[in-house]
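**Q** Build me a model:
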Amino acid sequence: MPYLLKGALIEYASYFLGPIPNVVIFQFNPESLTRTIEIPKRPSGSANRETSQAGEVPVEKISLTAHFSAADELKDNNILARGFGVGPRLAALEKMARPESRLMDLLGEMIDAIGDALHDRSEEEQIPTQLIPREKYPRLLFIWGATRVLPVVIESMTITEKEYDAFLNPTLAEVSLGLAVVSLSPWIDDDIARGALEYSNLAKDTQAMANIANTMSEVIDLIPF
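**A** Below you'll find the model as predicted:
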């Protein structure tokens with residue numbers, strides 16, 4: 001049986017891949033994957049300086065449906081599948097769509113912010129301080145083959161549980177995911193996401209150049225002079 005490369009979603013920390021807190025490898029690769037390139041409107045009126053002037057950076061949206069089944073694990077008497085079915089995989093996916101749980105870190109940062117505001121500045125020098133830091137969503141990589149390693153955010157998730165065991169644990173489920181590829185601004189400090197996006201764009205540019213070379217003779221035949 002030939003080796004099958006599986007797709008995956010990987011949650012990572014800011015600057016490194018390990019220790020990896022959350023990984024979901026697709027048990028069965030989705031049968032299809034839809035990619036939508038949303039192209040922002042071009043500038044018009046006084047904002048348009050050139051006829052070929054582009055607008056904002058296009059945003060790539062990805063839609064897919066992942067299927068999960070506990071049948072093989074139940075057949076092998078896997079303890080986790082016996083206790084929860086495919087629940088752990090669904091929970092891992094759901095975790096990727098929720099803000100990170102860091103209650104103690106938030107409390108510590110809040111205390112530090114209050115201390116800085118009261119101790120180091122006079123009342124006139126104080127600047128507005130956000131005492132409770134905003135929650136952050138997990139940073140994710142979507143891996144689909146050797147040439148697509150993309151930083152993404154989950155925009156939508158629909159979980160359909162189709163079969164259950166005697167304890168009402170889901171044993172068969174499908175998850176429809178809507179992903180958006182992250183567009184990185186120069187001031188965003190995320191080395192993993194930046195490197196992944198540059199790698200994937202380079203792979204895409206290389207394939208485009210290969211296509212140009214492959215069709216050069218056909219292009220020459222199209223030119224009437």
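
**Q** mind listing the strands in this structure by residue range?
**A** Per DSSP state E, the chain carries strands over the ranges 8-12, 22-25, 33-38, 59-69, 139-143, 149-164, 170-181.

**Q** Now distance to N201 too, for those strands, in JSON lines please.
**A** Quick note: C-beta positions are derived from backbone N, CA and C, even for glycine. As requested, the strands of the chain are arranged in JSON lines below (distance: least, Cβ to Cβ, whole Å):
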{"stretch": "strand 8-12", "distance to N201": "19"}
{"stretch": "strand 22-25", "distance to N201": "24"}
{"stretch": "strand 33-38", "distance to N201": "13"}
{"stretch": "strand 59-69", "distance to N201": "11"}
{"stretch": "strand 139-143", "distance to N201": "14"}
{"stretch": "strand 149-164", "distance to N201": "10"}
{"stretch": "strand 170-181", "distance to N201": "10"}
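
**Q** Using JSON lines, lay out those strands together with mean neighbour count and distance to I220.
**A** Formatted as JSON lines, those follow (neighbours: other Cβ atoms under 10 Å; distance: least, Cβ to Cβ, whole Å):
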{"stretch": "strand 8-12", "mean neighbour count": "20", "distance to I220": "43"}
{"stretch": "strand 22-25", "mean neighbour count": "16", "distance to I220": "46"}
{"stretch": "strand 33-38", "mean neighbour count": "12", "distance to I220": "29"}
{"stretch": "strand 59-69", "mean neighbour count": "18", "distance to I220": "33"}
{"stretch": "strand 139-143", "mean neighbour count": "20", "distance to I220": "39"}
{"stretch": "strand 149-164", "mean neighbour count": "16", "distance to I220": "35"}
{"stretch": "strand 170-181", "mean neighbour count": "20", "distance to I220": "35"}
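
**Q** Which residue ranges of the protein form helices?
**A** All helices of the chain, identified by DSSP state H, fall at 71-75, 79-84, 87-96, 103-119, 191-214, 216-222.

**Q** Lowest-scoring secondary structure element of this structure by mean pLDDT?
**A** Confidence across the helices and strands of the chain bottoms out at helix 103-119, with a mean of 55, counting by mean pLDDT, DSSP states H and E.

**Q** so where's the chain uncertain?
**A** Residues of the chain that meet the criterion pLDDT under 70 lie in 1-3, 14-20, 43, 45-55, 100-135, 187, 224-225.

**Q** Which parts of it belong to which domain?
**A** For the chain, the structural domains run 8-41+53-98+136-222, 101-135, going by automatic domain parsing.

**Q** now the end-to-end length of the longest one.
**A** Distances were taken as Cα to Cα, to the nearest Å; on that basis the terminal residues of domain 8-41+53-98+136-222 are 43 Å apart.

**Q** now it, how far from the chain's geometric center?
**A** Distance, stretch centre to chain centre, for domain 8-41+53-98+136-222: 6 Å (Cα atoms, centre = their mean, to the nearest Å).

**Q** mind checking which of the strands of the chain is nearest Y199?
**A** Proximity to Y199 (Cβ to Cβ) singles out strand 149-164 among those, at 6.0 Å.

**Q** CA atoms only for that closest one - export them in PDB, please.
**A** Below are the C-alpha coordinates for strand 149-164, written out as PDB (Å, rounded to 0.1, in the frame of the first residue of the first chain):
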ATOM      1  CA  VAL A 149       2.200  25.000   4.900                       C
ATOM      2  CA  LEU A 150       0.000  28.000   5.700                       C
ATOM      3  CA  PRO A 151      -0.700  30.100   8.800                       C
ATOM      4  CA  VAL A 152      -4.500  30.200   9.200                       C
ATOM      5  CA  VAL A 153      -7.300  31.200  11.500                       C
ATOM      6  CA  ILE A 154     -10.500  29.200  11.800                       C
ATOM      7  CA  GLU A 155     -13.500  31.300  10.700                       C
ATOM      8  CA  SER A 156     -16.200  28.600  10.900                       C
ATOM      9  CA  MET A 157     -16.700  25.100  12.100                       C
ATOM     10  CA  THR A 158     -19.700  22.800  11.800                       C
ATOM     11  CA  ILE A 159     -19.600  19.500  13.600                       C
ATOM     12  CA  THR A 160     -22.000  16.800  12.500                       C
ATOM     13  CA  GLU A 161     -22.000  13.700  14.800                       C
ATOM     14  CA  LYS A 162     -23.500  10.800  12.900                       C
ATOM     15  CA  GLU A 163     -23.200   7.700  15.100                       C
ATOM     16  CA  TYR A 164     -22.900   7.100  18.800                       C
END
